[in-house]
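> kindly generate the corresponding structure for this input.
(2 chains)
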2 protein chains.
Amino acid sequence: MDDLQTPRRGSHDGPRAGLLADLRAGLPADAVLTDPDVTASYSRDMASFCAAGIPAAVVLPRTVEQVRHVMRTATAHRVPVVPQGARTGLSGGANASEGCVVLSLVKMDRILEIDPVDRVAVVEPGVINAVLSRAVAEKGLYYPPDPSSWESCTIGGNIGTASGGLCCVKYGVTAEYVLGLEVVLADGRLLNTGRRTAKGVAGYDLTRLFVGSEGSLGVVVKAVLALRPQPPGQLVLAAEFPSADAACAAVCAIMERGHTPSLLELMDRTTVRAVNRMARMGLPETTEALLLCAFDTPDPAADLAAVGALCTAAGATEVVPAADAAESELLLQARRLSLTALETLKPATMIDDVCVPRTRLAEMLSGTTAIAGKHGLTVGVCAHAGDGNTHPVVCFDPADEDESRRARESFDEIMALGLSLGGTITGEHGVGVLKKEWLARELGPVGLELQREIKRVFDPLGLLNPGKLF
Amino acid sequence: MDDLQTPRRGSHDGPRAGLLADLRAGLPADAVLTDPDVTASYSRDMASFCAAGIPAAVVLPRTVEQVRHVMRTATAHRVPVVPQGARTGLSGGANASEGCVVLSLVKMDRILEIDPVDRVAVVEPGVINAVLSRAVAEKGLYYPPDPSSWESCTIGGNIGTASGGLCCVKYGVTAEYVLGLEVVLADGRLLNTGRRTAKGVAGYDLTRLFVGSEGSLGVVVKAVLALRPQPPGQLVLAAEFPSADAACAAVCAIMERGHTPSLLELMDRTTVRAVNRMARMGLPETTEALLLCAFDTPDPAADLAAVGALCTAAGATEVVPAADAAESELLLQARRLSLTALETLKPATMIDDVCVPRTRLAEMLSGTTAIAGKHGLTVGVCAHAGDGNTHPVVCFDPADEDESRRARESFDEIMALGLSLGGTITGEHGVGVLKKEWLARELGPVGLELQREIKRVFDPLGLLNPGKLF
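This is a model prediction of the structure:
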């Protein structure tokens, strides 16, 4: 804590030069980047409408000790630090603030351990989700969280935003797979939270507090993750509906009957048409909603038959169960292409992430359509329907000022709609910069005040990812 | 917050009379108990060796507003409050402190809602676990957490200690079923945390912070709980082993092969003999360990056959799969009687709750046997073996001072052993008074300091369940 008392400012090169020299003193030469052309590429994640500053430096530590050095140095210089993974986030949570140190964890990318008896993996934060998923699969194990960006996003980033994915309806989100963490605090101290055991209730659950905290409480440098046995391959069914209401009724019926699909996705008319146009998938243009349902149970064909009957009863015009893995993959293509297809409609998109109780899903969809109509915009919705988690994609042209304004207004009105239906402004993408005001609305004054006080406990100087969340 | 500025002390009846009058001003007459014979019965939970004081009053509110009144009054008078459920806890976490107000939530026992589509229940904290479990079962749903005391313990108490049970090896602990909470804070303010949606990542996870916080951060007055579809009835297998090591090897093999039992329990020699003696179950006295394994899968007989083969390969001398539900229930009787049977050996027991990685389970058992031998004590172990969660039951006579001292020493040495094996001092029973020093050891100075600061955020005056945890 000496650093706190004796800030090493005032070098003759000015404060920035002093910061850089101090950073370099504890890091390899190639781990401190200052070339503006290079650092600019670290300045933002994939969200639209989010301010980003120019970092003073980007550091790429490879060890826990180096991360501690970065945090001690930043604390000594009172310089903000923005922890960063692969910048695939959708809320600006990893955007640089002006003059900050971007702390990229991508070089800390080792899988330290995979244990099939304890069913845990111990990893560094820069491990790519798909790399871990494949490594554990080789041992007959399964790491479920599968955000769309899984081929490029990092486990550290997944922990920071508590990422979800398609699997959540059966397997839950990242939070449910994080057993323990090693964290470097703002002042460089090291904190261990949680456990590697299956159970444990010793004190407050700090592990869970860090999951989804968007780098604002500390820097995760190691994680103990829970694994599951690898399930059988899943079999997929596609069902076409003449209305979104009918598709939502099918979703409710499937869940009410006690089914446990491994995936239950919905695409609205706009999305179906965009995908159809782009990929010539031969989906009928009369389809107002497409539902995809999968099972990885011992007898998926039987489960799909039961779900197919429920879809038909709810009004499906066509029910197509896949016969095998290859056909299943083909059906899932439509869902995988959704965002890309919607992105062809306009130069830019904003992706909402509202999660409502699944009983309110139909109202969420019809309300979103009404908002799009009111603003004269194209909004396509794909939804993790089984979770009630919708991703309305607002399409717009950033060069068109009025359309941009309407896009932002629609984006906000969709969140207001979600809250009015008993939902949340973010099911899995996080708050970042994009939804700060909305977080305050969702939490209310008491909740917000307590969250801010917790932030102060961990980061009294406010150096970690400032300007995010609150 | 006016109360904070103007404490209403100094009534002519003395501070206690003022407190009681103020409590009564906002509560029904029958909701404030002060008869010492009655209040004494609220002074402690089921743990041995835990100090308990005499409460100034026991209050039994029926509404959220009444709970708020209690907390405002307690804050005004600077009187500690001990939230309490059914007092089935095993760590002294619900024990009264001297002169406190015991805030019993047992009268707030309404199930407010069960929704089979959203798969949630909304309940008050005083609902008994078994009452909820049966109510959701009637709608084809399942609330998994099943602590041994499930017929009498409350959901509020389960949340306070993040209770586990037999189901955890497949279904996890209470924490995984709490989606959202309504909490009365120390100063009477109302806080809503979390959600009723399947997913949600808006801000820090305060819900999870309250789960397992043992009433030290706030008073839970409402909970949104996640439910699952009711699984098929489970089928049980019993396997007798010639050594604890062999039984633990079978546990590891079962988990390594990717099985997902709904229950995987181990009883050591001492426990088997005690049960055998009490219930004349005809278990061979040569059995050194008994393993019980169950599946609630679509084809449990096939799963049991596979597990039976693994047990035989690990050295089981006898493998008995149940043919139906009735036989399954019979096999489970032995496990259910374990604690009662061990309690017949000596006038008193202390129940440890150490959870280790399951790869270390054999060392945990042999180490426990060594500790018992060293102290000349009887220690029987039942374990949620699939979770590595052992319950060594230290049997002793409280009238024998030396034996009592050795019992406490053994209890502590068992926790030290658990920590040395990479485990935790508490898998599901909590810290309470009993393991305070051990919590500090497990968390380390940085973790402990942060936990204390979090406590101060929620309870700056230190009125909520003081003397517990830290």
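> what is the neighbour count of the residue lying closest to A:G427 once chain neighbours are set aside?
Counting by C-beta to C-beta, 6 or more residues apart in numbering or on different chains, the nearest residue to A:G427 once its immediate chain neighbours are dropped is A:C355, at 3.2 Å. (Each C-beta comes from the backbone N, C-alpha and C, glycine too.) Using other C-beta atoms under 10 Å in any protein chain shown, the number of residues around A:C355 comes to 31.
> and for A:L206?
Using other C-beta under 10 Å, A:L206 has 25 other residues around it.
> what do you get for A:R16?
The number of residues packed around A:R16, counting by other C-beta under 10 Å, is 15.
> residue contacts, it?
Applying C-beta atoms under 8 Å, 6 or more residues apart in numbering or on different chains, we find A:R16 in contact with A:A56, A:G99.
> rerun at 10 Å
Taking C-beta atoms under 10 Å, 6 or more residues apart in numbering or on different chains, we find A:R16 in contact with A:T34, A:A56, A:A57, A:H77, A:V79, A:G99.
> those: which two are farthest apart?
With distances taken as C-beta to C-beta, the most widely separated pair in the contacts of A:R16 is A:T34 and A:H77, at 14.7 Å.
> counting neighbours, go ahead and name the busier of the two.
Neighbour comparison, A:T34 and A:H77: the larger count goes to A:H77, with 22 against 15 (by other C-beta under 10 Å).
> ok so A:S213 is a helix residue?
No. Remark: A:S213 does not belong to a helix; assigned using DSSP: H, G, I helix; E, B strand; the rest coil, it is coil.
> burial count for the spatially closest residue to it that is not a sequence neighbour?
Nearest in space to A:S213, with sequence neighbours left out and distances taken as C-beta to C-beta, 6+ apart, is B:Y204 at 5.8 Å. Under the neighbour criterion other C-beta under 10 Å, B:Y204 is assigned a count of 27.
> contacts only, for B:Y204.
A:208-214, A:216-217, A:443, A:447, A:450-452, A:454-455, A:458, A:469, B:193.
> and it, helix, strand or coil?
Per three-state DSSP, B:Y204 ends up coil.
> cool, A:S328 as well?
Assigned with three-state DSSP, A:S328 falls in the helix class.
> wait, isn't it in contact with A:A334?
No. Counting by C-beta atoms under 10 Å, no contact exists between A:S328 and A:A334, whose distance comes to 11.8 Å.
> name the residues contacting each of those two.
With C-beta under 10 Å, 6+ apart applied, the overlap between the contact sets of A:S328 and A:A334 consists of A:A238, A:L292.
> for the helix or strand harbouring A:L23, buried residues please.
In this assignment (DSSP states H and E), A:L23 forms part of helix A:14-25. Along helix A:14-25, these residues count as buried under the neighbour rule (16 or more other C-beta atoms under 10 Å in any protein chain shown): A:P15, A:G18, A:L19, A:L20, A:D22, A:L23, A:R24.
> quick check: mean pLDDT of stretch A:94-108?
Regarding stretch A:94-108, the rounded mean pLDDT is 97.
> and that stretch, how far from the chain's centre?
From the chain centre to the centre of stretch A:94-108 is a distance of 18 Å (C-alpha atoms, centre = their mean, to the nearest Å).
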